[in-house]
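# A structural model of the following input is requested.
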Amino acid sequence: MQNLPVRMRRLRKNDSMRRLVRSVNLSVDNLIYPLFVCPGKGVKKPIESMADCFHFSPDKIVDEAREVFGLGIPAILLFGLPEQKDSKGSEAFSDNGTVQQAIRNIKRNVPELLVITDVCLCAYTDTGHCGIIKDEKVDNDATCEILGKIAVSHAKAGADMVAPSDMMDGRVGVIRKVLDENNFIDTAIMSYSAKYASAFYGPFRNAADSAPAFGDRKTYQMDIAASAKQAMREIELDIAEGADIVMIKPALCFLDIIYQAKQRFDVPIAAYETSGEYMMINTAAQQGVFDRQSAIMETLYAIKRAGADIIITYFAKEIVKNKII
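Residues are numbered from 1 along each chain as shown. I've put the predicted structure just below:
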């Protein structure tokens, strides 16, 4: 029998054929859209460091939540800004905090939208660090106690899921314990399990006014040159402590970590396409370096192909509105 040439292009000849054999499928169901809530009333203010993103007051965020839900995006991730900062980040666990107000307003008006809340102190402390400072260092255990209070306050307000992003040791276990003790056994935890001390958080820190007043976050966020084994250990510990979903952040520079986590663990894997990754694409596209929509989708497919079940991205609304997926 004659040896026939292999012609891989047969399965690429038109869009219908490519769709038929495509094995990496990205759906609106996979997306989470981040939102920023700030003090005040009637506020919808553009964020200078992040194109097409806004600060919303707790009343105005309801309109945005309705739009997100109307697009079919199943969940939002809320970040909050306080009226005042202090050494303990007290407004982070206040029943009348901006996030708590926003949660109540959203759940009252758009009850089926999943509300996930960031649990951290960086935007609330006067030091800009993710924890309580003692002797010029972050006190891990004292911080975990306050993170538990934040999580409970969010659950009381109606949050469906809390997402600790601080990278303190043992915080998932503390949060799970206090949630259960307060009868919030159905409140899920999505842990920032492998969160790296990345350069790609810059625009977000401007948006959340959360840059550290001194030093950096390298004693608690992961070293960018750490081995994948360390990331797997972090994820393993969070799962053992009660995390329902684990997250890798940033997404694009750590696709290998997403892949290895997917191969090893049987829990949903989330990946966060960060503010810096978002603005890198925005800025390059504005300068005509490449086609914007093509670049967006290439990054999202890469994250999905690596193994992410869930993608947190500031592009979520855009790609659904433009019917790219």
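
# residue ranges for the strands of this protein, please.
Counting by DSSP state E, one finds strands in the chain at the ranges 31-37, 44-46, 54-56, 75-80, 114-119, 132-134, 137-139, 161-164, 188-195, 245-249, 269-272, 310-312.

# Which one of the ones you listed lies nearest to Ser90?
Taking Cβ to Cβ as the criterion, Ser90 comes closest to strand 132-134 out of these, the separation being 11.2 Å. (Glycine included, C-beta is placed from N, CA and C.)

# average pLDDT across that closest one?
Looking at strand 132-134 alone, the average pLDDT works out to 92.

# Stretch 165-172 now?
Regarding stretch 165-172, the rounded mean pLDDT is 97.

# Endpoints of it, how far apart?
Distances were taken as Cα to Cα, to the nearest Å; on that basis the terminal residues of stretch 165-172 are 10 Å apart.

# how far is it from where the chain is centred?
On the basis of Cα atoms, centre = their mean, to the nearest Å, the separation between the geometric centre of stretch 165-172 and that of its chain is 15 Å.

# if we look at that stretch, which residues are touching it?
Contacts made with stretch 165-172 from outside it, assessed by Cβ atoms under 8 Å, 6 or more residues apart in numbering, are listed as 118-122, 130-131, 138, 140-141, 143-144, 147-148, 164, 189, 191-192, 195, 217, 220-222, 237-238, 241-243, 249.

# Are any of these buried, and if so which?
The neighbour-count test (16 or more other Cβ atoms under 10 Å) applied to these identifies 118-122, 130-131, 138, 140, 143-144, 147-148, 164, 189, 191-192, 195, 217, 220-222, 237-238, 241-243, 249 as buried.

# Could you report the pLDDT at Asn140?
Asn140 carries a pLDDT score of 96 in this model.

# Could I get the contacting residues of it?
131, 168-170, 220.

# Break down the protein into its helices, ranges please.
For the chain, the helices identified by DSSP state H occupy 15-21, 61-70, 98-109, 140-157, 171-181, 202-208, 228-241, 255-264, 275-286, 292-306, 316-321, in order along the chain.

# how many other residues sit next to the nearest residue to Val162 once chain neighbours are set aside?
The spatial neighbour of Val162 that comes closest, neighbours along the chain excluded (Cβ to Cβ, 6 or more residues apart in numbering), is Ala151 at 4.5 Å. Neighbouring residues of Ala151 were enumerated by other Cβ atoms under 10 Å; the total is 27.

# Surely Ala151 and Lys177 touch.
No: contact between Ala151 and Lys177 fails when scored by Cβ atoms under 8 Å: they sit 10.2 Å apart.

# quick one: low-confidence parts of this structure?
Low-confidence regions of the chain, defined here as pLDDT under 70, cover residues 1-2.

# how about the nearest residue to Val178 once chain neighbours are set aside, what does it touch?
Among residues not flanking Val178 along the chain, Gly148 sits closest, at 3.9 Å (Cβ to Cβ, 6+ apart). Residues counted as contacts of Gly148 (Cβ under 8 Å, 6+ apart) are 171, 174-175, 177-179.

# Include neighbour count when you put those into TSV, please.
Listed next are the contacts of Gly148 as TSV, based on neighbours: other Cβ atoms under 10 Å:
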residue	neighbour count
Arg171	29
Val174	21
Ile175	28
Lys177	13
Val178	19
Leu179	22
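
# which one of those residues sits closest to Leu114?
Of all those, the one with the least separation from Leu114 (Cβ to Cβ) is Leu179, at 16.5 Å.

# With adjacent residues omitted, what lies nearest to the closest one?
With Cβ to Cβ, 6+ apart as the measure, Thr187 is the residue that lies nearest to Leu179, at 5.2 Å, once sequence neighbours are left out.

# give me every residue that touches the one you found.
Shown in contact with Thr187 (Cβ under 8 Å, 6+ apart): 151, 155, 159-162, 179.

# Can you report phi and psi for it?
Dihedral angles phi and psi of Thr187 (degrees, to the nearest 10) take the values phi -80, psi 120.

# Now do it against Asp309, distance only.
Noted for Thr187: a distance of 20 Å to Asp309, by Cβ to Cβ, to the nearest Å.

# Since that was my last question, I'll sign off now.
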